[in-house]
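Asker: model the structure of this input:
(chains A, B, C and D)
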There are 2 protein chains.
Amino acid sequence: MRNHAIILPMSTDLIQRLRAAGYKITPPRLAVIEVIQREGEHLNPQEILEQAQALHAQTGRATVYRTLELLTQLGIVRPIYVGDNGPTYIRADGAHHHLVCSRCGRIVEFDACAADSMGCELESRFGFHITSHLLEFYGICPQCQTSDASQSQ
Amino acid sequence: MRNHAIILPMSTDLIQRLRAAGYKITPPRLAVIEVIQREGEHLNPQEILEQAQALHAQTGRATVYRTLELLTQLGIVRPIYVGDNGPTYIRADGAHHHLVCSRCGRIVEFDACAADSMGCELESRFGFHITSHLLEFYGICPQCQTSDASQSQ
DNA sequence: ATCACAAATGAGAATAATTCTCATTAAAGC
DNA sequence: GCTTTAATGAGAATTATTCTCATTTGTGAT
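Answerer: Numbers count the residues shown, from 1 in each chain, chains lettered A, B, ... in the order given. Okay, the predicted model is just below:
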């Protein structure tokens, strides 16, 4: 039974990176990568499993965890924890900017970010090759400011 | 049996905040707060439990979770996820700046931060009352840059 | 100080999330 | 096509977290 039947219009460069690092190109890995490439942001392991299974039915849960770990190692994806939910995965390039309410968990995303310019300085200062960043501000949202102090969501 | 026996040189203002929000001041809560005040950063729930039990022996695990949730709601502490470990708790004031290696998980902390100035702008733009922030850059550390691509830790 | 009441607690059960184990499969290079 | 070895899926095992419920204990009123 051939599984190559799935025609994935995958970004070939990611496959190259996997292969270059000595990893095999397998249907479950392709499925997970495809899911993240396509749907992208903030999927949790369960959701990634489900969507990967839509592409490659016999994909197992353990393999999804293993693949996410591998892709994280390779700097392709990254777990992110926002609010009180478990991890969700995002592409490890690009930036994420959140405004998080400590009281109700409400999250606002914003764009403009002074951090971009900091990247260069840090690169030379610490020798890191920086690929992305996360900037989160915490505080109390307008709604929670006006309502009673001892409430939730 | 009186449990008030524990003399805690606690910052009274936190007690005030708890009381003001209608919560009772109990030995386990005092113990957890004391642990975080004193030791402060990056303790996980297990460690917080152990240290709280050193202050108030009969403190239960569930209560630690409940107290951490409460303190998070009140904006006193905040869970933080760094590397592949579970949550650890930090005081919700002040800022945290990390440089995280995607490959080996190495973490470098840095100080200077352009984000402070952004806070004001965001406050007026979104109406949040901002109390702290987290800025994390992700990339590859010097050590991992020089070593082979397919390695870990 | 005592009382009444609701909130908070501890113990352990229940659940959910993640990791491990191991026999089987299949990708990659020859 | 054949060999080697990494990768896989299934489910067991483990770990972390939440829930349940009977009991205790702060708190404000008396």
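Asker: without its sequence neighbours, what residue ends up closest to residue A:55?
Answerer: residue A:31 (4.1 Å; C-beta to C-beta, 6 or more residues apart in numbering or on different chains). Placement of C-beta: from N, CA and C, glycine included.
Asker: that neighbour: what secondary structure?
Answerer: Secondary structure state of residue A:31, per DSSP: H, G, I helix; E, B strand; the rest coil, is helix.
Asker: what's the per-residue pLDDT of it here?
Answerer: Note on residue A:31: pLDDT of 96.
Asker: for burial, what's the neighbour tally of it?
Answerer: For residue A:31, the count of nearby residues is 25 (other C-beta atoms under 10 Å in any protein chain shown).
Asker: pretty sure it is touching residue A:59, no?
Answerer: Yes: counting by C-beta atoms under 8 Å, residue A:31 does reach residue A:59; the two are 5.7 Å apart.
Asker: need the overlap of contacts for the two.
Answerer: By the contact definition C-beta atoms under 8 Å, 6 or more residues apart in numbering or on different chains, residue A:31 and residue A:59 are jointly contacted by A:52-53.
Asker: partner residues bridging the most centrally placed residue in chain A?
Answerer: Centroid-nearest residue in chain A, with C-alpha atoms, centre = their mean: residue A:90, separated by 1.3 Å. Beta-bridge partners for residue A:90, by DSSP bridges, are residue A:78.
Asker: any idea of the pLDDT on it?
Answerer: On the pLDDT scale, residue A:90 is placed at 91.
Asker: for it, which residues are in contact?
Answerer: A:40-42, A:77-78, A:80, A:96.
Asker: cool, residue A:141 as well?
Answerer: A:99, A:101, A:103-104, A:106, A:108, B:126-128.
Asker: just give the closest residue to it, not the sequence neighbours.
Answerer: Nearest to residue A:141 is residue A:101, by C-beta to C-beta, 6+ apart, at 3.8 Å.
Asker: you'd agree residue A:84 is up against residue A:105?
Answerer: Yes: between residue A:84 and residue A:105 there is a contact at 6.4 Å, judged by C-beta under 8 Å.
Asker: okay, these two: which has more neighbours?
Answerer: Neighbours per residue (other C-beta under 10 Å) separate residue A:84 from residue A:105, with residue A:105 holding more: 17 against 10.
Asker: nothing else from me, thank you.
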